[in-house]
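Chemist: Provided below are the primary sequence and the corresponding predicted coordinates.
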Amino acid sequence: MPELTFVVHWPDGTPMSCYSPSTIVRRHLAGGSYHLKDFLERARQGFTAASERVRLVHGHPCSQAAAQLRAIEAAGKRFEALANPRVTVDPY
């Protein structure tokens, strides 16, 4: 199963390297700019789909995908109070 790494830039410019066990994340998070809430929802969908792909192939969900999603959600909480928080995903 092809893996994917990509970089997210939070509203304050801080980069975060992200890992997905499946390229299916690309269907949910293309390179570009997203409002924080939209980004988090797309990340949930993408990493859930990636974990499901692992489950279908290996018989168990992917703990790395779940951990990456938790890290993304925790980082996103820092910016929820901003008026228009934008998250940028580097092009693949």
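Modeler: Thanks, I have it.
Chemist: how about the helices in the chain?
Modeler: 36-58, 63-77 (DSSP state H).
Chemist: Can you say which of those is nearest to Arg27?
Modeler: helix 36-58 (7.0 Å; Cβ to Cβ). All C-beta spots, glycine's among them, are computed from the backbone N, C-alpha and C.
Chemist: who touches that closest one?
Modeler: 1, 8, 11, 20-22, 24-29, 34, 60-62, 65-66, 68-69, 72-73, 76, 79-80, 82, 85-87, 89 (Cβ atoms under 8 Å, 6 or more residues apart in numbering).
Chemist: May I see the buried residues of that helix?
Modeler: 36, 39-40, 42-43, 46-51, 53-54 (16 or more other Cβ atoms under 10 Å).
Chemist: and Pro11, what pLDDT?
Modeler: pLDDT recorded at Pro11 is 98.
Chemist: Please name the nearest non-neighbouring residue to it.
Modeler: Using Cβ to Cβ, 6 or more residues apart in numbering and skipping residues adjacent in sequence, the residue nearest Pro11 is Pro85, 4.3 Å away.
Chemist: check contacts around that neighbour.
Modeler: Taking Cβ under 8 Å, 6+ apart as the test, what Pro85 contacts is Pro11, His35, Leu36, Phe79.
Chemist: pLDDT score for Tyr92?
Modeler: The model reports Tyr92 with a pLDDT of 81.
Chemist: That one touches Leu29, doesn't it?
Modeler: No - between Tyr92 and Leu29 there is no contact under Cβ atoms under 8 Å: 9.3 Å.
Chemist: Need the overlap of contacts for those two.
Modeler: Common neighbours of Tyr92 and Leu29 (Cβ under 8 Å, 6+ apart) are Phe6.
Chemist: more neighbours, the two?
Modeler: Leu29 (23 against 13; other Cβ atoms under 10 Å).
Chemist: Next up, the contacts around the spatially closest residue to Arg78 that is not a sequence neighbour.
Modeler: Nearest residue to Arg78 in three dimensions, chain neighbours excluded: Trp10, at 7.5 Å (Cβ to Cβ, 6+ apart). Applying Cβ under 8 Å, 6+ apart, we find Trp10 in contact with Met16, Ala75, Gly76, Arg78, Phe79, Val87.
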